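> Predicted coordinates and the sequence they were generated for:
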Amino acid sequence: MIVWQLVKAYKKYICGHNDRDRRLDRILKKILSDVPAGLIYSGLRKGLIKVNGKKRPQSYRVEENDLIEISEIIKSDHKRNTKTEQNTKAADFLQSITVTKSDNLLFLNKPAGLLTHGDDSLADYLKTGLTDIDSSLAFTPAPLHRLDRNTSGLITASLTIDGAKHFSELMRQRKIKKYYIGLCLGKINNTIYLEDNLIRKNKKTYKSEKINGLRAKTTISPILSKNNLTLCLFNIETGVTHQIRSQCSEKGYPLAGDVKYGGKFNGINNYFLHSYKMIFPENDKICGVSEVTAELPSPLIKTVKKYIDASPVDIINKTTNLFNNLKN
C-alpha cells in the first residue's frame, strides 16, 4: 500500500538582538508584509507558525535567537485568495460590459482606452473572468477580432472552439455586416462610397495607394451635422487596420481629435469611433443571434450634444432611423 504524506515546508527566521521583547504578531507582519493579518492570526492558531517548535500566541514577546518557523501554506493560501479576488473583479468587469451572449459567443461593449490584446487587456479579463464555462486543456476564451485601443464598442469573444472557428470563417467570407459610428471634421451632406488600397505609411499610420496595398471599402452616411462636424454611420465591407481613420482622412473628413490623421479640433482631444452593430446571416445556429448593437458611449453623446447641439434622445433616434432606412 502506498501512503501519501503531506509535507509542510517551513521557512525559518532567527530573531536578532533588535527583535527582543517585541510582540510576535508585529514581527510576523514585517516578515509577511504582503499577507493579510487574518491569515497570519489563523496561521498562529493552527500551528502553521511556530516559535522554537511550539505554538505561541500573537502577544508572545520574542527573545534574541528565537527560531520562528512559517509554513509555506500561508503564502500559498494568500496567492490562491488573491487569484480568486482577481477572478471576481474580472468577472464583474466582463458582466458590466456584456451586451449579450449565445451558447458559443460573447458580445462585449469595449470601453475606449482598453487594449484588445496584451498586458491588462480584454484578453486578460477573459482568461481570468470567464469561470463558468467548460474547462479545456487546449481552448482558452479570447477576442475573435480586435479594436484599436481608443475605439470603443462591439467586440466578439469565443466561448467554445466551434464558435471561434465559425465566427472567424464568417469574417473571412465577409458574411458579417459591421457598422461603426464616428465624429468627423467637415460637413457631409450625402452618402459617400470609398474604395482604396491602403498601405502602411509608417508604424502608426496608413495611406491610400493606387496599386499596392490592401483593398478597403467603406460607406459613410451622415447622421447629424453642425459647426463643421458630422456624426457618421460607417459600413465597412473589409477589415483593414485603421480603415475608417485612414480613408476618412484621405477624403478630407478625418475623425475629429484624430491628430495622427490630421483631425485636430480644439476641445476634442481624442477621436470617437464606436463599433456599433453587427448583423449575422439568417438562422445561423452557431452564432445564435441575428444582430447585436452596442450602446453609444456617454462621452460621445456628450460631445455631440455640446458641438452639434443634439439631445441624447435625438442622437439615438436619428442613428436608429438612419440604420433602419439603410437596412431596408
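That came in fine, so what should we check first?
> Helices of the stretch 1-150 of the chain, start to end?
Counting by DSSP state H, counting those that start in this stretch, the stretch 1-150 of the chain has helices at residues 24-31, 37-46, 72-97, 122-129.
> I'd like the distance from the second one to the chain centre, please.
It stands for helix 37-46. Between the centre of helix 37-46 and the centre of its chain there are 37 Å (Cα atoms, centre = their mean, to the nearest Å).
> Check the last one too.
Shown here is helix 122-129, whose average C-alpha point lies 8 Å from the average C-alpha point of the whole chain (Cα atoms, centre = their mean).
> helices or strands next to the next helix or strand after it in the packing?
Where DSSP states H and E defines the elements, the next helix or strand beyond helix 122-129 is strand 152-158. Helices and strands touching strand 152-158, by 3 or more Cβ pairs under 8 Å, 6 or more residues apart in numbering; DSSP states H and E, are strand 105-110, helix 122-129, helix 161-172, strand 273-279. Where you see a C-beta, it was placed from the backbone N, CA and C, and this is true even at glycine.
> now do 6 Å
Applying 3 or more Cβ pairs under 6 Å, 6 or more residues apart in numbering; DSSP states H and E, one finds that strand 152-158 makes contact with strand 105-110, strand 273-279.
> Other residues contacting the last one?
Think strand 273-279. When contacts are defined by Cβ atoms under 6 Å, 6 or more residues apart in numbering, strand 273-279 is touched by residues 147, 151-154, 176-182, 291-293.
> thought residue 196 was touching residue 217?
No. With contact defined as Cβ atoms under 6 Å, residue 196 does not reach residue 217; the gap is 8.3 Å.
> Please identify which of the two sits among more neighbours.
The neighbour count for residue 196 versus residue 217, taken as other Cβ atoms under 10 Å, is higher for residue 196 (23 against 16).
> averaged over its residues, what pLDDT does the helix or strand hosting that one have?
Using DSSP H and E, residue 196 sits within strand 192-200. The average pLDDT within strand 192-200 is 84.
> Which positions within that strand qualify as buried?
Residues of strand 192-200 classed as buried by neighbour count (16 or more other Cβ atoms under 10 Å): 192, 194, 196, 198.
> do stretch 37-49 as well
By neighbour count with 16+ other Cβ under 10 Å, stretch 37-49 contains the buried residues 39-40, 43-44, 48-49.
> With pLDDT added, can I get these in TSV?
Formatted as TSV, these follow (pLDDT from 0 to 100):
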residue	pLDDT
39	84
40	88
43	86
44	90
48	88
49	89
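> I'd like those residues laid out as TSV, including distance to residue 244.
Compiled in TSV, the buried residues of stretch 37-49 are given as follows (distance: Cβ to Cβ, whole Å):
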residue	distance to residue 244
39	51
40	55
43	57
44	61
48	58
49	60
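> out of those residues, who's nearest residue 13?
The shortest approach to residue 13 among those belongs to residue 49, at 10.3 Å (Cβ to Cβ).
> domains of this structure?
What the record gives for the chain is the domain set 10-78, 102-327, from automatic domain parsing.
> Could you identify which of these is most buried?
Highest mean neighbour count among those (mean count of other Cβ atoms under 10 Å): domain 102-327, with a mean of 17.
> how far is that one from where the chain is centred?
With Cα atoms, centre = their mean, you get 15 Å for domain 102-327.
> Also compute the angle for the helix or strand hosting residue 235 relative to strand 273-279, please.
Taking DSSP H and E as the criterion, residue 235 maps to strand 229-236. Angle of strand 229-236 versus strand 273-279, following axes from the mean of the first three to the mean of the last three Cα atoms, to 10 degrees, is 40 degrees.
> Strand 192-200 and strand 229-236, what's the angle between them?
Using the same axes, to 10 degrees, the inter-axis angle of strand 229-236 relative to strand 192-200 is 70 degrees.
> List the pairing partners of strand 229-236 within its sheet, with orientation.
strand 177-185 (antiparallel), strand 214-226 (antiparallel) (DSSP bridges).
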